[in-house]
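Engineer: Sequence and predicted model, in that order:
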Amino acid sequence: MSTPRVLSNKRPWRPQSLRTRLLLATSITLALTLGLTGWALTRYFAQHVRAELAHESTQTLNQLTALLSVDAQGRASIATQRLLDPRWTRPYSGLYWQVNDPSHRTTLRSRSLWDETLRLPHDALDRGVVHQHLMPGPNQQTVLVVERGVTLDDHPQDIWRLMVAVDTQAMEQSIHAFERFTIAALLLLMGLLVAAAWLQVRVGLAPLGSLQQA
C-alpha cells in the first residue's frame, strides 16, 4: 500500500516589504550596470596601453632599421652611437634589439641582452611587414617583441630579421593599478547610489505608511 504524498504549500521566499523589493531590485541593477562598466573600462585601458607600447616599439624598430647597413662582404652593422637611450647598454634593462642574418643566426645584439639572445619562432617574414610576439625574455622577463624583415637592394633575396623587445612589467603594473582604482571607485559609487536609493524609497513610500496606520 503506497503512502500518499503531501503536497507542500510553501512558496519560494521573496521579500514582503515593498521597500525591500525596490531596494533589492535597485541594488541588483546597479551591481550589473557598474560591473559591466568596470569590465569595459579596464579592458579598454589594457588594450590602449598595449597598443601604445606596440606603437612605441615599432617607432624604435623604424629607427633601428634606418641604422642598419651591410658591407660588400655581407657583414651587418648598426650605428649604435645614434641610439641615445642608456637602456640599450645596461644589462637586462628591459629594452633590447637584435639582428639575425638571412640564415637565422644572431649577428648583432644590444649590450642590454648581455649573454642572451631573443629566440623567436621561425615565422615567414614578408618585406617590411611588422610582426609582434609576447614571449619569455632575458632574466625571466616577459617581453613584447616587434620584428621586421628587411632586404637590401644589392641582395633582394636575403631577408635580415630586425627585432626590438620591451619588458612588459611596467605596462602590466599600470594595468593592475588601474583595475584596482576602478574597482574601488565603482564600489564607492555603488554604495552612494544604494544609499541614495534607500533614502528616495523611504521618503517616497512615507505617505503609504501614514495611509496604512489610518
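Structural biologist: Now that the structure is in, tell me what you want to look at. Numbering: from 1, shown residues only.
Engineer: okay, CA-based contacts and neighbour counts for the rest of this
Structural biologist: Fine.
Engineer: Would you check how far apart the residue lying closest to Pro136 once chain neighbours are set aside and Ala51 are?
Structural biologist: Nearest-residue entry for Pro136: Thr142, 4.6 Å, with adjacent residues in sequence omitted and distances by C-alpha to C-alpha, 6 or more residues apart in numbering. According to C-alpha to C-alpha, to the nearest Å, Thr142 and Ala51 sit 16 Å apart.
Engineer: ditto for Val99
Structural biologist: 24 Å.
Engineer: okay, the two: which has more neighbours?
Structural biologist: Val99 (28 against 12; other C-alpha atoms under 10 Å).
Engineer: Give the full set of residues in contact with Leu53.
Structural biologist: Contact partners of Leu53, counting by C-alpha atoms under 8 Å, 6 or more residues apart in numbering, are Met171.
Engineer: Start at 734, not 1
Structural biologist: Happy to do that; since the first residue is 734 now, the last one works out to Leu786.
Engineer: That one: helix or strand, and which one exactly?
Structural biologist: Element membership for Leu786 (DSSP states H and E) is helix 751-799.
Engineer: Tell me how far the next helix or strand along the chain from that helix lies from the chain's centre.
Structural biologist: Once the chain leaves helix 751-799, the next helix or strand it forms, by DSSP H and E, is strand 801-803. With C-alpha atoms, centre = their mean, to the nearest Å as the basis, strand 801-803 stands 34 Å off its chain's centre.
Engineer: so what strands line up beside whatever helix or strand comes next after strand 801-803?
Structural biologist: As assigned by DSSP H and E, the chain's next helix or strand after strand 801-803 is strand 809-811. Strand 809-811 has the following sheet partners, assigned by DSSP bridges: strand 801-803 (antiparallel).
Engineer: I'd like the average pLDDT over the strand it pairs with.
Structural biologist: What strand 801-803 shows for mean pLDDT is 81.
Engineer: which residues are contacting it?
Structural biologist: The contact list for strand 801-803, computed with C-alpha under 8 Å, 6+ apart, reads 809-812.
Engineer: which residues of this protein score low on pLDDT?
Structural biologist: Filtered on pLDDT under 70, the chain yields the residue ranges 734-749, 751, 886-889, 936-947.
Engineer: what's the closest non-adjacent residue to the residue nearest to the spatial centre of the chain?
Structural biologist: Per C-alpha atoms, centre = their mean, the C-alpha nearest to the average position across the chain is that of Ala779, at 3.6 Å. The shortest distance from Ala779 to any non-neighbouring residue, by C-alpha to C-alpha, 6+ apart, is to Ile908 (5.8 Å).
Engineer: ok, the one you found - contacts?
Structural biologist: 775, 778-779, 782.
Engineer: what do you get for Asp891?
Structural biologist: Asp891 neighbours (C-alpha under 8 Å, 6+ apart): 835, 884-885.
Engineer: May I have the secondary structure class of it?
Structural biologist: coil (DSSP: H, G, I helix; E, B strand; the rest coil).
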